[in-house]
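Enquirer: Return atomic coordinates for the entry below.
(chains A and B)
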There are 2 protein chains.
Amino acid sequence: MSPFDPSHPGKTLAALGEERLIAAIRRWLGDATPPAPAGIGDDCAVIPASPRPQVVTVDPVIHGLHFDDSVPPRAVGAKLLKRNLSDLASMGATPRAALVALTLPPRTRIRWLEHFYRGLAACARAHKLHIIGGDIAQADHTLAASLTLLGQPPAGARLLTRAGARPGDWIYVTGTLGGSLSGKHWRFTPRLPEGAWLAAQPEVRCMTDISDGIAKDLRPLAPPGARPALDAGAIPLSAAARRAAARDGRAPLDHALTDGEDYELAFALARRADRDAFARRWKKRFPRLPLTCIGCFVPTQKNLPAGAIDLTRHHGYEHLRATKSEP
Amino acid sequence: MSPFDPSHPGKTLAALGEERLIAAIRRWLGDATPPAPAGIGDDCAVIPASPRPQVVTVDPVIHGLHFDDSVPPRAVGAKLLKRNLSDLASMGATPRAALVALTLPPRTRIRWLEHFYRGLAACARAHKLHIIGGDIAQADHTLAASLTLLGQPPAGARLLTRAGARPGDWIYVTGTLGGSLSGKHWRFTPRLPEGAWLAAQPEVRCMTDISDGIAKDLRPLAPPGARPALDAGAIPLSAAARRAAARDGRAPLDHALTDGEDYELAFALARRADRDAFARRWKKRFPRLPLTCIGCFVPTQKNLPAGAIDLTRHHGYEHLRATKSEP
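Expert: Numbers count the residues shown, from 1 in each chain, chains lettered A, B, ... in the order given. Predicted coordinates for the structure are as follows:
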């Protein structure tokens, strides 16, 4: 469904106006938003005190960039939240509350927005978090939504960051990679239980989620003086990566390394960890999600091992480039 | 300065790309952003535990709506933060940390964005808060920034909400109203010390800030079964409201009631409060900022007192209307 309906202005936001729109949003969100001041309806939302540290992240979905008319509006609302849930998962945190800021052209269909909010609310309920606030503003040419997500570690648990890997540590990824454009980019499941479990394993040193392609997203995990050496044969290719490769003639591996929007987790495991025992524990806890060791961090001054991927020849998704080619 | 430079693509974001842009943003923010994971650079930002409740709000600035080419980019960055600070002020809260999500056309001038971030950082430093995270995404037709602000009440203090007024309570506003378009909309000072002081006065029942015009912003303060009865002669008209009226032939009062973007505070004082003593305490604490009693809440079934403003004849700024007229 296109978000816009130029031929029926009576069915668009222009006919509704702000006050009735806000009332409608409350209705669409239902019990996913609590009464003010804990939810929508005051100058700020109030969050109860908590003895734990908080984590917070913000990510958008923009029409034409993160979704197009082929993605159902409910899935767009869910994707907005899931992108942020994936960031929380990568720290081992659990979600608490979210705020949503939208820019909307007046020609936006009311029905499109209703399904967007219903999809967002359903996803919020499924993850036991509240939509506590937001903003709507007019932008004549861009439909965009930005979600700020607050969370915290499970009681007594640590938060994993991107820092902490050491040279020699093993690199792992969950799931399979590549070809997300054919559907995974909005059908994915954020790896929240997996992230929380991994943060509780002492041999896991650091973690991130794969949003721009592992060729790019692994870089911040590399310890100073080291770089990733990935085994080309070990990268878990998705069926979608193979299909995309068959269509465009690029290598399936290149899709897996650079497509982005996999929303899988990548992490470093301590060099001396018992990898077999770790794999067995994973398989017992998450029997249906593959976990793959794809390489390790090697000192920068050493040559890459034979067969290792030269990541400088693969680029993940880079935002804000006028062209895809490097300067 | 226009944010865009179509004739010098080498001076725009298209020439910079995401990675160098993020490095530049860190440089522009300087010590306004702490090292990750407390600041920018990880999947989430980590906020230390606090024994107090938290408040959170989100508000944008959009090119063509909240600012135009006449507003200096530093002031745009500051305005983005100040709009949200005003929401915190209206609850009596103090700021802690902020996240900024931008949508940027690739033709955005690097220099414009630098000044935007430097203005944001200077304002953050002045208010002793950190910019802890954010996101940048490409939108070809809309330059917009959305800021999420986290805060908390001062130690031991209450948070004021919009609820709590009773019929008969007095209505007050800080400062003067109207004509903000001539400059106040970006030169204003968020009323943070005033808000915190007011929240500490037991006779203040509820509070909000004036962003869309008091004709609209007072509505949520009205207790069930009551409405505002404002004394037309008491509304504190700004010099800018008078100038705007001289230009467009509308009444200065209409400007004061409906222009919006005043970012003053409006609050209800208990009916039986000692108003003289309250005014003296205010004047001692804030000798330079006018405080004005503009009316009171009267039961809906009673007629408005003679000389009271009929607010149904004045409309504050309503977002997302294709036309300014009512349906």
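
Enquirer: Can you report how many residues lie near the residue nearest to A:R118 when sequence neighbours are not counted?
Expert: Nearest residue to A:R118 in three dimensions, chain neighbours excluded: A:W28, at 5.4 Å (Cβ to Cβ, 6 or more residues apart in numbering or on different chains). The C-beta positions use only the backbone N, C-alpha and C, and glycine is treated the same way. Look at A:W28: counted by other Cβ atoms under 10 Å in any protein chain shown, it has 19 neighbours.

Enquirer: pretty sure A:W28 is in a helix, no?
Expert: Yes - counting by DSSP: H, G, I helix; E, B strand; the rest coil, A:W28 is located in a helix.

Enquirer: From A:W112, how far off is it?
Expert: The gap separating A:W28 from A:W112 is 12 Å, by Cβ to Cβ, to the nearest Å.

Enquirer: got it, and A:R96?
Expert: A:R96 is 28 Å from A:W112, by Cβ to Cβ.

Enquirer: Show me where the stretch 151-300 of chain A has its helices.
Expert: Secondary structure of the stretch 151-300 of chain A by DSSP state H, counting those that start in this stretch: the helices cover A:184-187, A:192-199, A:214-217, A:239-248, A:252-258, A:275-285.

Enquirer: I'd like those written out as a markdown table, with mean pLDDT and mean neighbour count added.
Expert: Below are the helices of the stretch 151-300 of chain A laid out as a markdown table (pLDDT from 0 to 100; neighbours: other Cβ atoms under 10 Å in any protein chain shown):
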| stretch | mean pLDDT | mean neighbour count |
| --- | --- | --- |
| helix A:184-187 | 96 | 20 |
| helix A:192-199 | 98 | 21 |
| helix A:214-217 | 95 | 24 |
| helix A:239-248 | 97 | 16 |
| helix A:252-258 | 96 | 23 |
| helix A:275-285 | 98 | 13 |
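
Enquirer: so how far is A:L289 from A:A239?
Expert: Distance from A:A239 to A:L289, by Cβ to Cβ: 15 Å.

Enquirer: can I get the helices of the stretch 151-300 of chain A in TSV with distance to A:A38?
Expert: Shown next, in TSV, are the helices of the stretch 151-300 of chain A (distance: least, Cβ to Cβ, whole Å):
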stretch	distance to A:A38
helix A:184-187	30
helix A:192-199	23
helix A:214-217	35
helix A:239-248	41
helix A:252-258	42
helix A:275-285	34
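
Enquirer: between these, which gets nearest to B:H255?
Expert: Using Cβ to Cβ as the measure, helix A:184-187 is the one of the helices of the stretch 151-300 of chain A that comes nearest B:H255, at 46.6 Å.

Enquirer: Please name every helix or strand in contact with the closest one.
Expert: On a contact count with 3 or more Cβ pairs under 8 Å, 6 or more residues apart in numbering or on different chains; DSSP states H and E, helix A:184-187 meets helix A:73-89.

Enquirer: helices and strands around the helix it packs on, which ones?
Expert: strand A:54-62, strand A:94-104, helix A:110-126, strand A:144-152, helix A:184-187, helix A:192-199, strand A:204-209.

Enquirer: CA atoms of it as CSV?
Expert: Written as CSV, here are the backbone C-alpha positions of helix A:73-89 (Å, rounded to 0.1, in the frame of the first residue of the first chain):
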residue,chain,number,x,y,z
PRO,A,73,2.3,-0.7,6.9
ARG,A,74,2.0,-2.9,9.9
ALA,A,75,5.4,-4.4,9.1
VAL,A,76,6.8,-0.8,8.8
GLY,A,77,5.6,0.0,12.3
ALA,A,78,7.1,-3.3,13.6
LYS,A,79,10.3,-2.8,11.7
LEU,A,80,10.8,0.6,13.3
LEU,A,81,10.7,-0.9,16.8
LYS,A,82,12.6,-4.1,15.8
ARG,A,83,15.5,-2.1,14.4
ASN,A,84,15.9,-0.6,17.8
LEU,A,85,15.3,-3.8,19.6
SER,A,86,18.2,-5.3,17.7
ASP,A,87,20.4,-2.6,19.1
LEU,A,88,19.3,-3.4,22.6
ALA,A,89,19.8,-7.1,21.9
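
Enquirer: No more questions from me, cheers.
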